[in-house]
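Peer 1: Mind folding the following:
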Amino acid sequence: MSQLNFNIPNEAEKFLKIMGEHENMSKSAYAKKIFMDAVNLRMMPYYALLYKKGEISIKKIARNTGIHFTKVIHEIAILIDDIIEDEDLFQKTSEMNQKLLSQFQGEMKKKQINFDAGVN
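Peer 2: Residues are numbered from 1 along each chain as shown. Predicted coordinates for the structure are as follows:
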């Protein structure tokens, strides 16, 4: 964790003091809460923009945010609505799925396992 120091207007300082007292927190703790809420609100949309431009990887986003890469992928997919679809990739994936399914069924047949009839 690191420290960040900056000046704020007097009105904001008064607000933080009042809200901190209301929330039973110190002024600094309440300021940190507000700051982190704002950072978290803007973080993933900004990373999505960088990802879309090709300037950052999913792996780096996951490392920077501490969020598991599968959740990062999910969040990025929600934020980017024009992900390029590759028909060749879809075809190759479909062929690979069929090949794996065939191999799996062959192995199950060798072991005399039939999912329709149960174990022989």
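Peer 1: What's the local residue count around Lys33?
Peer 2: Residues within reach of Lys33, counting by other CB atoms under 10 Å, total 15. Any C-beta I mention is one placed from the backbone N, CA and C, and that applies to glycine too.
Peer 1: For the helix or strand containing it, list every residue counted as buried.
Peer 2: Assessed by DSSP states H and E, Lys33 sits inside helix 27-52. Buried positions in helix 27-52, judged by neighbour count with 16 or more other CB atoms under 10 Å: 27, 30-31, 43-44, 47-48, 51.
Peer 1: and it, what does it pack onto?
Peer 2: helix 10-22, helix 58-65, helix 69-79 (3 or more CB pairs under 8 Å, 6 or more residues apart in numbering; DSSP states H and E).
Peer 1: Put together CSV for the ones you listed, with mean pLDDT and mean neighbour count on each row.
Peer 2: Listed next are those as CSV, based on pLDDT from 0 to 100; neighbours: other CB atoms under 10 Å:
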stretch, mean pLDDT, mean neighbour count
helix 10-22, 94, 13
helix 58-65, 93, 15
helix 69-79, 88, 14
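Peer 1: Let's have the ones you listed in TSV, adding distance to Lys109.
Peer 2: TSV is the format used below for the helices and strands packed on helix 27-52 (distance: least, CB to CB, whole Å):
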stretch	distance to Lys109
helix 10-22	68
helix 58-65	38
helix 69-79	33
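Peer 1: how about the ones you listed, which one is nearest Ser2?
Peer 2: The closest of the helices and strands packed on helix 27-52 to Ser2 is helix 58-65. By CB to CB, the value is 13.5 Å.
Peer 1: outside of that closest one, which residues touch it?
Peer 2: Contacts of helix 58-65 with the rest of the structure, by CB atoms under 8 Å, 6 or more residues apart in numbering, involve 43-44, 47, 51, 67-69, 72-73, 76.
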